[in-house]
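[1] below: sequence and its predicted model.
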Amino acid sequence: MIFDLLVQRIGGAASHVRTKIMLLKEKIAYIMRMTSSLNEGGTAVFRPSSSGLVFLRGTVMKTYLVKQKFRFGGEKFDIKDDRGNIDYQVEGSFLKIPKTFTIYDDKGEVVSQIQKTVLTVLPQFEIQLRNGSSFYIRKKFTFLRDKYEFDNLGLRIEGNIWDLEFRLLDAQGQVIAEISKELLHLMSTYQVVVYEDAYADLVISLCVAIDYVEALESSS
C-alpha cells in the first residue's frame, strides 16, 4: 500500500524512480515469502514476474557485482558473486584487430566472446556463446540520440539498458534477471541478479558487452 501511494504521488515525471520503487516492492515481497518458505522447512524460491510473484521449486538465484572496468582501460578483470567468489573472468586480446574480449568461467572454460564486426557501415558487435548461439548489438541510424537494437537475444528487455537499470524476461513473462546500479560503491558498479542459473552465461555476457559498447562510444 505504501509503495502504491508513493508511485501515485511521484506521477509520470520520474519514471525511473517509479521503476525503482516497484522493483524494491517486488524484492521485499520476494524476501518475505522466501523466508516464510524456509521457516516451514521448504526449499521453494519466489521471483518477480511481469504479473506478480511466481512460485518455483528448485530455482537457484545468484547475485553478481560487476565493476565497469572498461571505462578505466581494464583489459582483464574478475566478476564476483555477492560472497566474493570469482565466477567469471574477462580478458581482452593482445594486438588483435578487431579486439576481442573473452569471458571465462571459474573452471577456466570459455563462456563467450565479444567482438566488434568489421566492414559494417554502423557499429555492430557479435557475442558468441559457448553453446554455439550468437546474438548481436547493432547501432541504428537516427538523427537524434544513439540507438541500438539487440538481435537474436531471445529475451525481452524492460527498462533502460544504458543506465544499467533493466530486467530480462522470457517469452512467458518470467523475470530471468534484473540489473541495477549500486550507488554505495566508489567505482561504477552494477548488480546482476540471475533467477535461473541456466541463463547466467548469457546475462553476464550481455552486461559485459553493453559495458564494452558504452565505453567505446564514450571514447569516440
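    All right, it came through fine.

[2] you'd agree residue 106 is up against residue 87?
    Yes - with contact defined as C-beta atoms under 8 Å, residue 106 counts as touching residue 87 (5.4 Å). For every residue, glycine as well, the C-beta is placed using N, CA and C.

[3] tell me the contacts of residue 152?
    By C-beta atoms under 8 Å, 6 or more residues apart in numbering, the contact list for residue 152 reads 133, 134, 135, 136.

[4] now these in CSV, with secondary structure?
    Converted to CSV, the contacts of residue 152 look like this (DSSP: H, G, I helix; E, B strand; the rest coil):
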residue, secondary structure
133, coil
134, strand
135, strand
136, strand
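
[5] pick the one among these closest to residue 66.
    When the contacts of residue 152 are compared for distance to residue 66 (C-beta to C-beta), residue 135 wins out at 18.6 Å.

[6] all helices for the protein, in order.
    Ranges of helices in the chain, per DSSP state H, are 2-10, 15-39, 200-219.

[7] pLDDT (mean, whole number) over the second one?
    Put plainly, it is helix 15-39. Helix 15-39 carries an average pLDDT of 59.

[8] can you check the first one too?
    Per-residue confidence for helix 2-10 averages out to 54 on the pLDDT scale.

[9] look up how far residue 126 lies from the residue nearest to residue 171 when sequence neighbours are not counted.
    Nearest residue to residue 171, sequence neighbours excluded (C-beta to C-beta, 6 or more residues apart in numbering): residue 156, at 7.9 Å. Look at residue 156 and residue 126: by C-beta to C-beta, to the nearest Å, they are 21 Å apart.

[10] many thanks, we can stop here.
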